[in-house]
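S.K.: what follows is a predicted structure for the sequence shown.
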Amino acid sequence: MRERVHLLGPRKSLLALVHEPEPAPPDSRPTFVILNAGIVHRVGPHRASVRIARELAKAGFRVVRIDFSGLGDSAPRPEPLSFKEATLADITEILDDLSSRYRTKTFVLGGLCAGADRAFDASVRDQRVVGAIMLDGLVYPTIGFYLRHYRHRLARLDGTAALRAAKRTTAALRKRLRGSRETPPQETTVLREIPAHETFERELQALADRGVNMCWVFTAGLPYFHNYEQQFFDSFRRVDFKGRVTHTYFGNSNHTFTQLESQRRLTRHIIQWANATFLTDRSGPAQTRANAPEE
Amino acid sequence: MSPMFFGKSGRALFGIYHAGARPARNHGVVLCSPFGDEAVKAHRALRVLASRLAAARFHVLRFDYFGTGDSSGDTEDGTVAQWLVDVETAIDELKDLASVARVSLVGLRFGGTLAMLGSQRRRDVDQVVMWDPIVEGGSYVSELRKVNEDYLRDELSRAEDARIAEDEVLGFPLTRDLVAELEAIDLAKNGVDAKRVSLVTTTAHPHYGSLANHLRTAGARVESNFVPMNLNWTADQSPADAALVPIEAIDAVVDALTAVS
């Protein structure tokens, strides 16, 4: 494996670390692009992006870790764009540059948290994307979510405080259940733009229809956002995934996979998904859904 | 800003060179990063520091030690002995890149410790600036373990069957060998080659007074600048606080170098 550094894009302003397998992968094999997690620079929280990139390269995939404009060591964009629009423009420029530099025509985008959101958004917009890895990506509240959410809050109270809270909770639950398709609780909207549930569902269906393979991983680290294993499927009951989705719940990991064992399990899971999805000669659906990480 | 790999093949180090603004000084500065998660958290601050030093006409190289950041090596393979070799490799690279006669070292947290220890292996280091350095390795190990346990106990409170591993801190390995190396460090007792040393500190830790006294006793010219700030380099980061840029402390580091250059 060789590692190189490039400045990508028309302004040579987007810093990228390339992990190149030896021998070089065939042009038909997708290149993985790992996006920033929030505003953490390209190594990722706890350097986990480096670990994942190197293992993917050992498995035969070219991997590129990038800094979005204005993050890490990439220069800001000259034009005033929102963070979302700027990062989507960055991804287009990065894929264009990598396509001409390496003759690769297809890509897999991956990210954690806001990086997962951007991987999803860019996959919807860019036909070159054939796979996406979403780590603690977007999911929507369900009845099951609210039941667990309020039960946990009540369990932390006692006596009259619990009784008063129970009344408020019952009223809140009634309200939630009447208008069940809504945005998640307020805390989740601080760092991430959350589209309407119907919009996201439509885009998810479009990706499945296009044959984009998706690897969704959720942790126990954002309980105000995702709090039980089946929430993803309950959240998108109307979507026909067409066998393109794998879903895994890391119930003993926090949001940034702080513990080394969580990082190693995540790395193994991604390698297994990548191998099964992109190194086999198949034309049909990539995966069936799997709800437990392989050991 | 020029990103690059340098050093030995198979042990390549990643660095970013910032050429000094013209007319540049005949003086280079190597920036030494903190340990573990603190290095991820400090990335933005060191980038801003490098830019400010380059604007002040210094040639600057910031880099990742072996097994850290974008450099080669697994995280599990990091040792203090190797990182001290890496500091020397970076000094040689900067002298080669910028054709400078004088080199100074600036280190943040454990990077300050490595800068001080690394300077004692060389004759060509002009000045050492330690920013909130780790003075006593044993205390640092204890602090890291406590922060790790407190953080994870809270983070994993709703996780299933979560166990807090003992040989790692905030997502980075703390191997038995590394602990032994860290515990052997006490800058307030180590031998000192007389040289110019600047201490930029943001907290009033008693270790800093002992260190300054020790260095002065050993014949070093020591300048201290206390810039009180509410910084927490050790706490685990959320995506929202991964970009601390304590500009007053950064300016104090630049001042420490420009005052004598």
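M.R.: It's in. Numbering: from 1, shown residues only, chains lettered A, B, ... in the order given.
S.K.: could you find the closest non-adjacent residue to the residue in the stretch 101-250 of chain A that chain B sits nearest to?
M.R.: Proximity of the stretch 101-250 of chain A to chain B (Cβ to the nearest Cβ) peaks at A:A220, 4.1 Å away. Placement of C-beta: from N, CA and C, glycine included. Among residues not flanking A:A220 along the chain, B:A159 sits closest, at 4.1 Å (Cβ to Cβ, 6 or more residues apart in numbering or on different chains).
S.K.: quick check: B:F66 touching B:R11?
M.R.: Yes - counting by Cβ atoms under 8 Å, B:R11 is a contact partner of B:F66 at 5.8 Å.
S.K.: one step back: and the residue nearest to A:A220, backbone torsions?
M.R.: In terms of degrees, to the nearest 10, the main-chain angles of B:A159 are phi -90, psi 160.
S.K.: can you check B:T217 too?
M.R.: Residue torsions, per degrees, to the nearest 10, at B:T217 are phi -60, psi -30.
S.K.: how many neighbours does it have?
M.R.: By the criterion of other Cβ atoms under 10 Å in any protein chain shown, B:T217 has 10 neighbours.
S.K.: kindly report the same for B:T234.
M.R.: Neighbours around B:T234, by other Cβ under 10 Å: 21.
S.K.: the helices in chain A, which residues?
M.R.: If DSSP state H is used as the criterion, the helices of chain A fall at A:48-58, A:83-102, A:114-125, A:143-155, A:159-178, A:197-210, A:231-235, A:260-278.
S.K.: need the contact list for the residue nearest to A:A220.
M.R.: By Cβ atoms under 8 Å, 6 or more residues apart in numbering or on different chains, the contact list for B:A159 reads A:220-221, A:251-254.
S.K.: B:F66 and B:R11: which is more packed in?
M.R.: Between B:F66 and B:R11, B:F66 has the larger neighbour count (other Cβ under 10 Å), namely 22 against 16.
S.K.: can you name the helix or strand that that one falls in?
M.R.: B:F66 belongs to no helix or strand when assigned by DSSP states H and E.
S.K.: ok, and the closest non-adjacent residue to it?
M.R.: That would be B:G73: by Cβ to Cβ, 6+ apart, it lies 4.3 Å from B:F66.
S.K.: ok, that neighbour - contacts?
M.R.: Taking Cβ under 8 Å, 6+ apart, we find B:G73 in contact with B:11, B:66-67.
S.K.: assess the claim that A:V5 and A:V18 are in contact.
M.R.: Yes - taking contacts as Cβ under 8 Å, A:V5 lies within contact range of A:V18: 7.4 Å.
S.K.: more crowded one of those two?
M.R.: Neighbour count, other Cβ under 10 Å: between A:V5 and A:V18, A:V18 has more, with 21 against 17.
S.K.: can you name the residues that contact A:R148?
M.R.: Neighbouring residues of A:R148 by Cβ under 8 Å, 6+ apart: A:227-228.
S.K.: gap between A:T246 and A:R42?
M.R.: Counting by Cβ to Cβ, to the nearest Å, the separation of A:T246 from A:R42 is 25 Å.
S.K.: and B:G219, by the same measure?
M.R.: Counting by Cβ to Cβ, the gap from B:G219 to A:R42 is 43 Å.
S.K.: okay, the two: which has more neighbours?
M.R.: More neighbours surround A:R42 than the other of B:G219 and A:R42, with 26 against 11 (other Cβ under 10 Å).
S.K.: please name the spatially closest residue to that one (chain neighbours excluded).
M.R.: A:R65 (4.4 Å).
S.K.: what's the neighbour count on the one you found?
M.R.: For A:R65, using other Cβ under 10 Å, the count is 26.
S.K.: do the same with A:A196
M.R.: Using other Cβ under 10 Å, A:A196 has 12 neighbouring residues.
S.K.: distance of it relative to B:G10?
M.R.: 52 Å.
S.K.: let me know the helix or strand that the residue sitting nearest the centre point of chain B is in.
M.R.: The residue lying closest to the centre of chain B (Cα atoms, centre = their mean) is B:G111, at 1.8 Å. Take DSSP H and E as the rule and B:G111 turns out to sit in helix B:110-119.
S.K.: got phi/psi on the closest residue in space to B:T202 that isn't next to it in sequence?
M.R.: Once flanking residues are discounted, B:T202 sits nearest to B:M229: 4.2 Å by Cβ to Cβ, 6+ apart. Here is the backbone geometry of B:M229 (degrees, to the nearest 10): phi -150, psi 150.
S.K.: which residues of the stretch 51-200 of chain B lie near chain A?
M.R.: When proximity is defined as Cβ under 8 Å from any Cβ of the partner chain, the stretch 51-200 of chain B approaches chain A at B:68-70, B:72, B:74-75, B:151-152, B:155-156, B:158-165, B:168, B:170-173.
S.K.: in this structure A:E193 contacts A:D117, no?
M.R.: Yes - using Cβ under 8 Å, A:E193 is in contact with A:D117, at 7.2 Å.
S.K.: which non-adjacent residue is nearest B:R196?
M.R.: Nearest residue to B:R196, sequence neighbours excluded (Cβ to Cβ, 6+ apart): B:Q127, at 4.4 Å.
S.K.: tell me, how many residues neighbour the one you found?
M.R.: Count around B:Q127 with other Cβ under 10 Å applied: 24.
S.K.: from B:F58, how far off is it?
M.R.: Distance from B:Q127 to B:F58, by Cβ to Cβ: 11 Å.
S.K.: which neighbours do these two have in common?
M.R.: B:L257.
S.K.: circling back: tell me how far the residue nearest to A:A220 lies from A:S262.
M.R.: Distance check for B:A159 against A:S262: by Cβ to Cβ, it reads 10 Å.
S.K.: give the residues shared as contacts by these two.
M.R.: Here B:A159 and A:S262 share the contacting residues A:252-254, scored by Cβ under 8 Å, 6+ apart.
S.K.: neighbour-wise, which of the residues you listed leads?
M.R.: Compared across the shared contacts of B:A159 and A:S262, A:S253 has the highest neighbour count, 28 neighbours, by other Cβ under 10 Å.
S.K.: what's around residue 98, how many residues?
M.R.: Just going to use chain A. 23.
S.K.: oops, I was thinking of chain B
M.R.: By the measure other Cβ under 10 Å, the count of residues near B:A98 is 23.
S.K.: and stretch A:210-227, what's buried?
M.R.: A:212-223, A:225-227 (16 or more other Cβ atoms under 10 Å in any protein chain shown).
S.K.: oh sorry, the question was meant for stretch A:244-255
M.R.: The neighbour-count check on stretch A:244-255 (16+ other Cβ under 10 Å) flags A:244-255 as buried.
S.K.: now the closest residue to A:K84 other than its chain neighbours: how far from A:F232?
M.R.: Nearest residue to A:K84 in three dimensions, chain neighbours excluded: A:E193, at 5.7 Å (Cβ to Cβ, 6+ apart). Between A:E193 and A:F232 the computed distance is 19 Å (Cβ to Cβ).
S.K.: same check, this time on B:E166
M.R.: B:E166 is 33 Å from A:F232, by Cβ to Cβ.
S.K.: try B:E155
M.R.: The spacing between B:E155 and A:F232, counted by Cβ to Cβ, is 21 Å.
S.K.: confirm for me that B:A98 is in contact with B:R25.
M.R.: No - between B:A98 and B:R25 there is no contact under Cβ under 8 Å: 9.6 Å.
S.K.: mutual contacts of those two, please.
M.R.: Common neighbours of B:A98 and B:R25 (criterion: Cβ under 8 Å, 6+ apart): B:H59.
S.K.: B:V103 belongs to a strand, doesn't it?
M.R.: Yes - counting by DSSP: H, G, I helix; E, B strand; the rest coil, B:V103 is found in a strand.
S.K.: which residues touch it?
M.R.: Going by Cβ under 8 Å, 6+ apart, B:V103 touches B:27-30, B:91, B:94-95, B:124-126.
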